[in-house]
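>>> One predicted model, sequence on top.
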Amino acid sequence: MRSGFVTFVGRPNVGKSSLINALVGEKVSIVSPKPQTTRDRIMGILNEPNVQMIFVDTPGIHKPRTKLGEYMNKAIKKATDDVDALVYVFDASRGLFDEDLKRLSSYAGKGYPVVVVLNKIDLVTRERVFELLSQLNPFIQGDIVDVIPCSCRKKSNIETLKKSLVDLLPEGEQYFFDDEISDKPISYMMCEIIREKALLLLSDEIPHGLGVVMQSYEKKGDVVNVECDIICEKNSHKQIVIGDNGSMIKKIGESARKDMEKLIDGKIYLKLFVKVRDDWRNNSNFIRDVGYSDK
């Protein structure tokens, strides 16, 4: 039996969550084009014969401007302190930044193997992929053991990446049951699904200030009744989230409910409310209410 923890790190929006979802074969992390979609350390669990690999998704590395941003950077540090392997993800369409290459070098020598992934290769030419791989190949030394070009959208080299990571795992016992796909509770995952739909449907100025809090989860017969609050920071944002005659909140709810029903394989009756909490991202109590806790 091989088992262990593999942490994914990189800039915001390089595709860490998409890669983990593709490797697990289930949606365990929400995905959107907006930066800092992932706010917390989330584990996705791959169970295969004689293998349990726990992928640790992390927020994108960034300069924090709020207490929530500081929390996100702490989550990255905790996720890289004690792992069996690390995957550093680059976005081929954005190229290689010197700051990222320095960070990549800093992970060498920490005692665990590092695999570099050049993601989103479907967005650039073959010549550009070759050029970027040529820049990365000199880094393959010491604990940096491999560079793998990937595309989640085209499912290119996902199996290659999986095999490379399995080979790096130590022998050990299972950490989770065979039917578990994440370490997060259903309530957290449902709130994240709602936030994902809001990120996808709302304009760029609002998503960073949104949070979702579950107020109730009650099963009645074959239906689960769920009530959640969408938290925003300004009254003007509240009106946008609600939309004309409730049109936007209705779209968010309808889209979220479909994914939530897939998650539990059952029917859901979803009620959403929008509330304003001024500057909640700098309030430790509100940050905990929204589900981000140092514990």
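That came through fine.
>>> so where do the helices sit in this protein?
16-24, 67-79, 98-107, 126-136, 158-166, 186-201, 235-242, 247-264, 284-289 (DSSP state H).
>>> Out of those, flag the one nearest Val116.
Closest to Val116 of the helices of the chain is helix 126-136 (C-beta to C-beta; 5.8 Å). (C-beta placed from N, C-alpha, C; glycine too.)
>>> roughly how far is that closest one from the heart of the chain?
26 Å (C-alpha atoms, centre = their mean, to the nearest Å).
>>> can you list contacts of that helix?
Contact partners of helix 126-136, identified using C-beta atoms under 8 Å, 6 or more residues apart in numbering, comprise Phe90, Ala92, Gly95, Leu96, Val116, Leu118, Ile121, Val124, Val147, Pro149.
>>> at 6 Å instead, please
Under the criterion C-beta atoms under 6 Å, 6 or more residues apart in numbering, residues Ala92, Leu96, Val116, Leu118, Ile121, Val147, Pro149 lie in contact with helix 126-136.
>>> before we move on, back to that, can you list the helices of the chain in TSV and add mean neighbour count, mean pLDDT and distance to Val56?
As requested, the helices of the chain are exported to TSV (neighbours: other C-beta atoms under 10 Å; pLDDT from 0 to 100; distance: least, C-beta to C-beta, whole Å):
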stretch	mean neighbour count	mean pLDDT	distance to Val56
helix 16-24	24	94	8
helix 67-79	18	69	5
helix 98-107	14	90	14
helix 126-136	14	96	22
helix 158-166	17	97	12
helix 186-201	21	92	15
helix 235-242	16	92	31
helix 247-264	17	96	20
helix 284-289	15	80	20
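>>> Make a markdown table out of those helices and add distance to Ser216.
Converted to a markdown table, those look like this (distance: least, C-beta to C-beta, whole Å):
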| stretch | distance to Ser216 |
| --- | --- |
| helix 16-24 | 28 |
| helix 67-79 | 25 |
| helix 98-107 | 42 |
| helix 126-136 | 49 |
| helix 158-166 | 38 |
| helix 186-201 | 10 |
| helix 235-242 | 20 |
| helix 247-264 | 14 |
| helix 284-289 | 15 |
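>>> With Lys27 as the reference, measure out to Ser156.
Note on Ser156: its distance to Lys27, by C-beta to C-beta, to the nearest Å, is 19 Å.
>>> For those two, work out which one has more neighbours and name it.
Set Ser156 next to Lys27 and count neighbours by other C-beta atoms under 10 Å: Lys27 wins out with 22 against 16.
>>> thinking again about what came up before, just the contacts of helix 126-136 now: which is nearest Lys258?
Taking the contacts of helix 126-136 together and measuring to Lys258 by C-beta to C-beta, the closest member is Ile121, at 30.2 Å.
>>> in the stretch 1-150 of the chain, which spans are strands?
2-10, 42-48, 51-57, 85-91, 114-119, 144-149 (DSSP state E, counting those that start in this stretch).
>>> Nearest to Ser17, out of those?
Once the strands of the stretch 1-150 of the chain are compared by C-beta to C-beta, strand 51-57 is nearest, at 5.4 Å.
>>> What is the closest one packed up against?
Judged by 3 or more C-beta pairs under 6 Å, 6 or more residues apart in numbering; DSSP states H and E, the packing partners of strand 51-57 are strand 2-10, helix 16-24, strand 42-48.
>>> now do 7 Å
On a contact count with 3 or more C-beta pairs under 7 Å, 6 or more residues apart in numbering; DSSP states H and E, strand 51-57 meets strand 2-10, helix 16-24, strand 42-48, helix 158-166.
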